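> Show me how the following folds:
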Amino acid sequence: MTALWIAHVKVSDAEAYGQYATRASVAIADHGGVFLARGGAYEQLEGPDRPRNVVARFPSLQAAHDCYFSAAYQEALGFAKGAAQRELVIVEEFE
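Model (predicted):
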């Protein structure tokens, strides 16, 4: 089954977070991830407001997991730490 990587982000350092996004995009693509939503208009209905919302589809939950723990993504993540407040979850899609 495919899986969705869903991130909610509030950026505090745009330059550093831009470095993260550039590097993370490569790692995500290398693991078969395809962006479905990246920024754009949104409506906050519950929980903390995070004005940057990202959804990527991966071929499987394992592929999304492997992406997150890959050396390339962990290197990218170093640029996000301290540059944003984030929540990230991986969810399997229905068949």
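> any idea which helix or strand comes after the host helix or strand of C67?
For C67, the host element (DSSP states H and E) is helix 61-68. As assigned by DSSP H and E, the chain's next helix or strand after helix 61-68 is helix 71-80.
> Could I get the average pLDDT for that next one?
For helix 71-80, the mean pLDDT works out to 97.
> what is the orientation angle of that helix with helix 61-68?
For helix 71-80 against helix 61-68, the angle by axes from the mean of the first three to the mean of the last three CA atoms, to 10 degrees is 60 degrees.
> quick one, phi psi at the residue nearest the centre of the chain?
With distances taken as CA atoms, centre = their mean, the chain has A7 as the residue nearest its mean C-alpha position (4.7 Å). Main-chain torsions, A7, degrees, to the nearest 10: phi -120, psi 140.
> List the contacts of it.
If you count contacts by CB atoms under 8 Å, 6 or more residues apart in numbering, A7 has them with 52-55, 86-88. The C-beta positions use only the backbone N, C-alpha and C, and glycine is treated the same way.
> And H8, by the same measure?
H8 neighbours (CB under 8 Å, 6+ apart): 47-48, 50, 52-53, 86-88.
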